[in-house]
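> Okay, here's the prediction I keep looking at, along with the sequence it came from:
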Protein chains: 2
Amino acid sequence: MRTLGEPKRCEILRLVWVEELPATEIADHFPSVTRSAISQHLAVLRSVGLVNERREGTRRLYTANHAELARLRSFLDSFWTSSLDRLRDLAEADQRNQERA
Amino acid sequence: MRTLGEPKRCEILRLVWVEELPATEIADHFPSVTRSAISQHLAVLRSVGLVNERREGTRRLYTANHAELARLRSFLDSFWTSSLDRLRDLAEADQRNQERA
DNA sequence: CTCTAACGTAAGAGTCTGCTAACGTAGGGG
DNA sequence: CCCCTACGTTAGCAGACTCTTACGTTAGAG
């Protein structure tokens, strides 16, 4: 989550989401920063497994790891499901209190 | 997203997800840090609208803003839907190329 | 009115982060 | 073999972030 808190990394992931792209082409989408900066962002994304790397000659092709982002999505979903569990627990505790009274 | 990149803020949001809690009680869940630090985290969460504040005497009661987190969830979902759009666009472009050939 | 509990806030220290600039490396092309 | 392209990596810096300490404020109790 912290990884995608950085807007550029989020955008990079979006770029390689459906299409495999070489590092240079990714960097070209960010005229405001150096290719080096993008390379470092790619290293971070790779370190947390959000992208996969494939080498082809001197080029390195990147793809998004959909499964990893799916994990993040299900983590957010857990907020809602845990809320249901919690409400059920609260309701049960409340019922026990009423029975005791 | 960057806001929840901080683990403590994520945990705070979880605490106030189903239950309205006063600031002190939230801080008590984090023995490792000062109440001041938690107060500052609450300010950040409030500034991005992830929590709502209600005053009751000297106490301030916090609740999670479910709608705001739902926006984040749908943002992640947009990754998958946009991927479908993108694939459709690519397919159409490819088809035009074949027709031209 | 004084005291205390429950807060937020300001200032400063230490740490992390994202960036650039410079350099190193590996794989072709000629 | 030389050179160029496509990269990653390192060093260093400026700004952002998180934490603590100290202080200010407000509401209620006595």
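All right, it came through fine.

> Make sure A:R54 is actually in contact with A:R46.
No: with contact defined as Cβ atoms under 8 Å, A:R54 does not count as touching A:R46 (11.4 Å). From N, CA and C alone the C-beta is placed, and that goes for glycine too.

> higher neighbour count, the two?
The neighbour comparison of A:R54 against A:R46 (other Cβ atoms under 10 Å in any protein chain shown) goes to A:R46, with 15 against 11.

> mind listing what the residue most central in space within chain A touches?
Centroid-nearest residue in chain A: A:L69, 4.2 Å away (criterion: Cα atoms, centre = their mean). A:L69 sits next to A:L13, A:L50, B:L76, B:F79 when contact means Cβ atoms under 8 Å, 6 or more residues apart in numbering or on different chains.

> which non-adjacent residue is nearest A:M1?
Leaving aside its chain neighbours, A:M1 sits nearest to B:G5 (5.1 Å; criterion: Cβ to Cβ, 6 or more residues apart in numbering or on different chains).

> So what's the residue count around that neighbour?
Neighbours of B:G5 under the rule other Cβ under 10 Å: 14.

> wait, what's in contact with it?
Here B:G5 is in contact with A:M1, A:R2, A:T3, A:L4, A:G5 (criterion: Cβ under 8 Å, 6+ apart).

> now swap in A:R14 and tell me
Per Cβ under 8 Å, 6+ apart, neighbours of A:R14: B:F79, B:S82.

> And it, how far from B:R14?
A:R14 is 27 Å from B:R14, where distance means Cβ to Cβ, to the nearest Å.

> Run through the residues that contact A:N65.
Neighbouring residues of A:N65 by Cβ under 8 Å, 6+ apart: A:G49, A:L50, A:V51, A:N52.

> Out of the residues you listed, give me the one that has the most neighbours.
The most crowded member of the contacts of A:N65, judged by other Cβ under 10 Å, is A:L50 (25 neighbours).

> per-residue confidence for that residue?
pLDDT for A:L50: 98.

> A:R88 too?
According to the model, A:R88 carries a pLDDT of 70.

> From B:R60, how far off is it?
28 Å.

> Now the buried members of the contacts of B:G5.
Taking 16 or more other Cβ atoms under 10 Å in any protein chain shown as the criterion, what is buried in these is A:M1, A:T3, A:L4.

> From the residues you listed, pick the one nearest DNA strand D.
Distance to DNA strand D across these (Cβ to the nearest atom of the strand) is lowest for A:M1, with 11.6 Å.

> tell me the contacts of that closest one?
Shown in contact with A:M1 (Cβ under 8 Å, 6+ apart): A:L72, A:F75, B:M1, B:L4, B:G5, B:C10.

> Quick one: those as CSV, columns for distance to DNA strand D too.
Converted to CSV, the contacts of A:M1 look like this (distance: Cβ to the nearest atom of the strand, whole Å):
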residue, distance to DNA strand D
A:L72, 18
A:F75, 18
B:M1, 12
B:L4, 10
B:G5, 7
B:C10, 11
